[in-house]
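**Q** below: sequence and its predicted model.
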Amino acid sequence: MLTWLIQASIRNRILVLMLAALLAAAGIEAVRTVPVDALPDLSDTQVIVRAQFAGQPPGVVQDQVSYPLATAMLSVPMAKTVRSYSLYGDAYLYIIFDEGTNLYWARSRVLESLSQVQGRLPPGVNLSLGPDATGVGWIYEYALVDHTGQHDISQLRSLQDWFLRYQLKTVPNVAEVASLGGMVKQYQVVVDPVKLASLQLTTQEVVDALKRANQEVGGSVIEMAQTDFMVRAHGYLSSLDDFRDVPLRTGPNGTVVRIGDVARVSIGPQMRLGVAELDGRGEVAGGVVLLRSGKNAMTTLEGVKARLAQLQKSLPPGVEIVPTYDRSALIQRAVDNLQRKLIEEFIVVALVTLLFLGHLRSSLVAIISLPLGLLMAFIVMNYLGINANIMSLGGIAIAVGAMIDAAVVMIENAHRHLEHWQQHNPGQILTGEPRWQLIAEAASEVGPALFFSLLIITFSFIPVFTLQGQEGKLFAPLAYTKTLVMAAAALLAVTVVPVLMGYWIRGDIASESSNPLNRWLIRAYQPLLQGVLRHPMLTIAGALLIAVSSWWPWTHIGGEFLPPLDEGTLLYMPSALPGMSAEQASHLLQITDRMIKSIPEVDHVFGKAG
């Protein structure tokens, strides 16, 4: 079968070269569009549910919200773990699914269960799903800084919540933009209990009056002058006086009791659960950009930074967007480092091949199979959704040396056949169909054995595919890319390489003995080979001794689950008493950031507390 494939490729050599060119073009496009990240995503398939129960303590939230939701989520198909956290006015549920579960299928099943349990929850509980992001979706973070001092942190937070946040969410593959720090503006109605009691009013009546006043009411249609006019009552409250003028009750003498008569109405900040600070200079507002699950981090980061550059022009004078975390630098350094190492490997392989073969055009046959095999692997990577990261590119780096073996052996066998023909036909030139037939015989002689040897190397990584959990997610990209590259090399060895040999192995073919490097290596190798063959038991005993002696360093070498990455960013996480106020936390955070910023090597310090 493989012999027939080699001969068929040589007979249809123009078609083979055209297909190789098409694969190369498709591979270049795949390299351009393949998702790029620093590390594989090791997170589980997870859906987060937030339940808001305003004003309720954690005990009530746990009994009336968290427990019913958690028990309902246990019956969701393929859910293996359900965790709940009850806070003041909030409950969070983390539903973790079996490995391999599609995220959006999981989200739809959670929504189905939420619709069924909604009726068993107390009135006023609001349910929402977290963003369709993963644990490594935190790709960008920024702070809003006012250098003029004309805008306080509540105004900066308003710019973040009502301008930047919505604009950034339009960037493709951005799952969420979470706001940090600042103060959320509120209209606050502080009732006077003495006045309420004197007028025999309750707090609930004040709440109901505000709800009735702050809404639109639609009426019917009035036709005037052949035109329809929609009747509606505009009731949205937009100023402090609007709140003060909301009627509560009409007294016996016809006087109207308003909210302003029983309460103090003002603008103030919402109760804060967190603060953000930059460089020890004071509080700031900011945001965190989350990447949608499985999407291209590098492309999304480029889109986010381009959109922020546009939005900067629309901000008030003196307000600046300061990046505080940007994963693109880590991704670029990691990928560039591996790309540089791959190029260095290509150069070394090319020089060694040229040095031993002693024939430039023959070396090109082996060298050209390297990039073509890699491009073919990238096509499948893009189809399978495998990111280009340090693990997947590391698999390619491992395979580069092995994938050229078949081409080199096949070229050497062709050299031997051509050299043998020249010895029997001195002074003649082998051209035309006889030459192609000789190349086909040389390739067919070693091609099947080389093909199966590459397949054996390809299948050697099959045990890695059996890894489960985080280990499987970490090493699967490496196993996939190495397998794909070796499979592509095996296919090229019996199709494209024989055709290229026929076109490029021309001219005088020097014998192996004429290469001085080969002669020196043969003289050095032959005594060693003869020695080990004369003493086989001693050779085996020495090999066993070396293997046994490696046990002690193996047990003391240590290990890490992830490769070390010098991101250039440090994470410092102090802890404090749970009852610390937001003002005290902000004060301590500013002092800490100022001390860290005093170190000359530190560029920015972005602190968060909450």
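**A** Structure's in. What do you need?

**Q** immediately after the helix or strand hosting residue 544, which helix or strand?
**A** Here residue 544, judged by DSSP states H and E, is contained in helix 536-549. Per DSSP H and E, the first helix or strand lying C-terminal to helix 536-549 is helix 551-556.

**Q** for the helix holding residue 544, packing partners?
**A** Applying 3 or more CB pairs under 8 Å, 6 or more residues apart in numbering; DSSP states H and E, one finds that helix 536-549 contacts no other helix or strand. For glycine as for every other residue, the C-beta is placed from the backbone atoms N, C-alpha and C.

**Q** next one: it to chain centre, how far?
**A** Distance of helix 536-549 from its chain centroid, counting by CA atoms, centre = their mean, to the nearest Å, is 47 Å.

**Q** can you tell me how far residue 224 is from residue 311?
**A** 45 Å (CB to CB, to the nearest Å).

**Q** more neighbours: the two, which one.
**A** residue 311 (15 against 7; other CB atoms under 10 Å).

**Q** I'd like the next helix or strand past the biggest helix by length in the chain.
**A** In terms of residue count, the longest helix belonging to the chain (DSSP state H) is helix 328-357. Downstream of helix 328-357, the first helix or strand assigned by DSSP H and E is helix 360-384.

**Q** following that following helix in sequence, what is the next regular element?
**A** Next along from helix 360-384, by DSSP H and E: helix 390-403.

**Q** helices and strands around that following helix, which ones?
**A** On a contact count with 3+ CB pairs under 8 Å, 6+ apart, helix 390-403 meets helix 328-357, helix 360-384, helix 432-459, helix 469-493.

**Q** pass me the low-pLDDT residue ranges in the stretch 301-450 of the chain, would you?
**A** Low-confidence segments of the stretch 301-450 of the chain (pLDDT under 70): 427.

**Q** number of residues surrounding residue 587?
**A** Residue 587: 14 surrounding residues under other CB under 10 Å.

**Q** helix or strand for it, which one?
**A** helix 582-597.

**Q** helices and strands of this structure: which one bottoms out on pLDDT?
**A** Using mean pLDDT, DSSP states H and E, the weakest-scoring helix or strand in the chain turns out to be strand 217-224, at a mean of 75.

**Q** direction included, what does it pair against?
**A** In the sheet, strand 217-224 lines up against strand 227-233 (antiparallel) (DSSP bridges).

**Q** check contacts around residue 379.
**A** When the contact criterion is CB atoms under 8 Å, 6 or more residues apart in numbering, the partners of residue 379 are 23, 26, 27, 30.

**Q** secondary structure class for the residue sitting furthest away from the middle of the chain?
**A** Largest separation from the mean C-alpha position in the chain: residue 253, at 69.5 Å (CA atoms, centre = their mean). The three-state label given to residue 253 by DSSP: H, G, I helix; E, B strand; the rest coil is coil.

**Q** chain center to stretch 127-144: distance?
**A** Once both centres are worked out by CA atoms, centre = their mean, stretch 127-144 turns out to sit 12 Å from its chain's centre.

**Q** export that stretch as PDB, just CAs?
**A** Only the C-alpha atoms of stretch 127-144 are listed here, as PDB (Å, rounded to 0.1, in the frame of the first residue of the first chain):
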ATOM      1  CA  LEU A 127     -31.300  35.500  40.200                       C
ATOM      2  CA  SER A 128     -28.600  36.000  37.500                       C
ATOM      3  CA  LEU A 129     -25.900  33.900  35.900                       C
ATOM      4  CA  GLY A 130     -22.300  34.800  36.000                       C
ATOM      5  CA  PRO A 131     -20.400  35.600  32.800                       C
ATOM      6  CA  ASP A 132     -19.500  32.800  30.300                       C
ATOM      7  CA  ALA A 133     -15.800  33.100  31.300                       C
ATOM      8  CA  THR A 134     -13.400  30.700  33.100                       C
ATOM      9  CA  GLY A 135     -10.900  31.000  35.900                       C
ATOM     10  CA  VAL A 136      -8.200  32.300  33.500                       C
ATOM     11  CA  GLY A 137     -10.500  34.800  31.800                       C
ATOM     12  CA  TRP A 138      -9.000  37.800  33.700                       C
ATOM     13  CA  ILE A 139      -7.000  39.300  30.800                       C
ATOM     14  CA  TYR A 140      -7.000  43.000  31.400                       C
ATOM     15  CA  GLU A 141      -7.400  45.500  34.200                       C
ATOM     16  CA  TYR A 142      -7.400  49.300  34.200                       C
ATOM     17  CA  ALA A 143      -7.900  52.300  36.600                       C
ATOM     18  CA  LEU A 144      -9.500  55.600  36.000                       C
END
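
**Q** neighbours around residue 396, how many?
**A** A total of 23 residues lie near residue 396 under the criterion other CB under 10 Å.

**Q** got it, and residue 274?
**A** Residues lying near residue 274 (other CB under 10 Å) number 14.

**Q** how close does it sit to residue 586?
**A** 10 Å.

**Q** before we move on, what about residue 255?
**A** 46 Å.

**Q** who has more neighbours, the two?
**A** Neighbours per residue, other CB under 10 Å: of residue 255 and residue 586, the larger number sits with residue 586, 20 against 10.

**Q** the residue lying closest to that one once chain neighbours are set aside bridge partners, please.
**A** Excluding its sequence neighbours, the residue lying closest to residue 586 (CB to CB, 6 or more residues apart in numbering) is residue 275, at 4.5 Å. Per DSSP bridges, residues listed as beta-bridge partners of residue 275: residue 609.

**Q** pull the contacting residues for residue 275.
**A** Neighbouring residues of residue 275 by CB under 8 Å, 6+ apart: 181, 283, 582, 585, 586, 589, 608, 609, 610.

**Q** save these as JSON lines, and put in pLDDT and distance to residue 473 too.
**A** Converted to JSON lines, those look like this (pLDDT from 0 to 100; distance: CB to CB, whole Å):
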{"residue": "181", "pLDDT": "86", "distance to residue 473": "33"}
{"residue": "283", "pLDDT": "87", "distance to residue 473": "39"}
{"residue": "582", "pLDDT": "82", "distance to residue 473": "38"}
{"residue": "585", "pLDDT": "87", "distance to residue 473": "36"}
{"residue": "586", "pLDDT": "87", "distance to residue 473": "39"}
{"residue": "589", "pLDDT": "90", "distance to residue 473": "35"}
{"residue": "608", "pLDDT": "90", "distance to residue 473": "28"}
{"residue": "609", "pLDDT": "87", "distance to residue 473": "32"}
{"residue": "610", "pLDDT": "79", "distance to residue 473": "30"}
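
**Q** kindly indicate which of those residues lies nearest residue 43.
**A** Residue 43 lies nearest to residue 608 out of the contacts of residue 275, by CB to CB, at 21.2 Å.

**Q** need the contact list for the closest one.
**A** Contacts of residue 608 (CB under 8 Å, 6+ apart): 180, 181, 274, 275, 276, 277, 589.
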